[in-house]
Every structure is written in C-alpha cells, then in structure tokens.
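Chemist: sequence plus the predicted model coming up.
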Amino acid sequence: IGKFIVLACTSNALNPRQDQVTMLKRKAAAIFTSIAAVGAIGPQFAVADGSTTKFTLPPITESPDRCSFVSSAMGQANAARDKLYDLRKCDMRKKSAENFDLAGAIISDADFTGVNFKDAKLSKAYGRNSKFIDANFQGAVVDRVSFDGSDFTGASFENAVLTGTSFETANLENVDFTDAFFGDFDLKRICKNPTLKGENPKTGVPTRESAGCE
C-alpha cells in the first residue's frame, strides 16, 4: 500500500483555485486507496499501465455490438471485467461515454473524435494510436493510461485526474488542461512534449499555460 501525504489547511478561506486543487488531490488519493484495498480480490483483466512500454494484445474478436460503450459494473479501482472490452478499429465518433466506467478497456487504433468522456473512469485503459480530436475528458479519472501516439488536437481535460498516464509522441496541440491534476513526474514528462502548444478553440485557453508548464 502506497504512502500518502495528508495536506492540512491552515485556513478555511481557500480561494477557488486552491479549493479545486485540494478537491482533485482528494479524488486521486481516494482512487489509490481503492486500488490498494481491492488489489488481491478477483481476476484482473486490466491491460494497461501508463508506465508500461510494450503490450501484447490478443486478436480482435468481432461481434455485432462490439463497437459500443459499455460501463463496467465491477468498479474502476481494479479495472476488472468479466471479459475483455475491446474497441480497437471502432468508429466511435460523436458518441457519449459520460459517467461510464471504461476501466481496463482497449481503446487503441480507433476513432473517438468528438466523444464525450465527461466524468468517465478510464483507469488502466490502453489508448495508443487513436484519434481523440475535440474529445471531452472534463472531470474524467484517467489513471495509468497509455495514450502514446494518439491525437488529442482540441481536446479538453479540464478538472481531470491524470496520474501515471503517458502521452509520449501524442499530439497535444490546442488541448485545454485547466485545473487537471498531474503527479509531479507526469507533469515533467508532458511538458517535454513538443506539440504542447496553441490554444483550445472552444475555451481560448493557451495549452502550455493550462498544463502548468513554463
């Protein structure tokens, strides 16, 4: 079980920015606590981890309803499902996964342009080489996800939790990261991405500044 730092406030008069950051930190801490609590329970179907570099994926099993959003009923903390949730090669443009639990899903090599992921849970999902252009991840929990090589042009991660998630070689131009919560190491890596530039066309927020990069 990981160690957690408890932050004590010396004043009850937090300004809105401090209050938002505190809320996100508590949200992230709650996720890690849940993961530690269920780590030894039941079969694990999680397929991704933001720090993992190589994956071996099974062949795609086609079915009539394969390319649809299905929320897990088993809880996002351990990314467990009764079967593999595979959206590879799917055209999911403009669909909604708002408040869905998509933990452990394979969302690579697919088109999620304009998808609404608001408040969704994507813990340990695998999302490499996909299109997330103009996608909305506002308030989403994006924990230990690999997004390497994906295109996020114009997407929004406002108030999202982005812990242990990798954006190596991803296109982050015009993305809005306002009030998103990063771990220190995660932020250092994302600030090195050369595509972290421009401004979000919907909010007008400068991308690099919104991520907290100098």
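Modeler: Alright, I've got the coordinates. Numbering: from 1, shown residues only.

Chemist: so what's the residue count around the closest residue to residue 182 other than its chain neighbours?
Modeler: The shortest distance from residue 182 to any non-neighbouring residue, by C-beta to C-beta, 6 or more residues apart in numbering, is to residue 162 (5.3 Å). All C-beta atoms are positioned from the backbone trio N, CA, C, and that covers glycine. By other C-beta atoms under 10 Å, the residues close to residue 162 number 27.

Chemist: residue 62 too?
Modeler: 9.

Chemist: repeat for residue 166
Modeler: 23.

Chemist: residue 210 too?
Modeler: Neighbour count for residue 210, taken as other C-beta under 10 Å: 21.

Chemist: now the helix or strand encompassing it: average pLDDT?
Modeler: Taking DSSP states H and E as the definition, one finds residue 210 inside helix 207-211. What helix 207-211 shows for mean pLDDT is 98.

Chemist: other SSEs contacting it?
Modeler: helix 184-191 (3 or more C-beta pairs under 8 Å, 6 or more residues apart in numbering; DSSP states H and E).

Chemist: and the helix it packs on, which residues are buried?
Modeler: Neighbour-count burial for helix 184-191, counted by 16 or more other C-beta atoms under 10 Å, picks out 186, 187, 190.

Chemist: closest to residue 147 out of the residues you listed?
Modeler: residue 190 (10.4 Å; C-beta to C-beta).

Chemist: so who does the residue lying closest to that closest one once chain neighbours are set aside touch?
Modeler: Take residue 190 and drop its neighbours on the chain: the residue closest to it by C-beta to C-beta, 6+ apart is residue 167, 5.6 Å away. Contacts for residue 167 (C-beta atoms under 8 Å, 6 or more residues apart in numbering) come out as 147, 148, 150, 152, 189, 190, 193.

Chemist: against residue 143, how distant is residue 167?
Modeler: 14 Å (C-beta to C-beta, to the nearest Å).

Chemist: picking that back up, need the buried ones from the contacts of residue 167 selected in ChimeraX.
Modeler: The following ChimeraX line selects those of the contacts of residue 167 that are buried, judged by 16+ other C-beta under 10 Å:
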select :147,148,150,152,190,193
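
Chemist: okay, and which of the contacts of residue 167 map to helices?
Modeler: Secondary structure assignment by DSSP state H places 189, 190 of the contacts of residue 167 in helices.

Chemist: which helix or strand in the protein has the lowest average pLDDT?
Modeler: helix 16-38 (a mean of 49; mean pLDDT, DSSP states H and E).

Chemist: and residue 163, how close does it get to residue 189?
Modeler: 12 Å.

Chemist: please apply the same query to residue 136.
Modeler: In this view, residue 136 and residue 189 are 23 Å apart by C-beta to C-beta.

Chemist: circling back to that earlier point, show me what the helix or strand just after the least confident helix or strand of the chain is packed up against.
Modeler: Sequence-wise, the next helix or strand downstream of helix 16-38 (DSSP H and E) is strand 141-143. Judged by 3+ C-beta pairs under 8 Å, 6+ apart, strand 141-143 is in contact with helix 16-38, strand 161-163.
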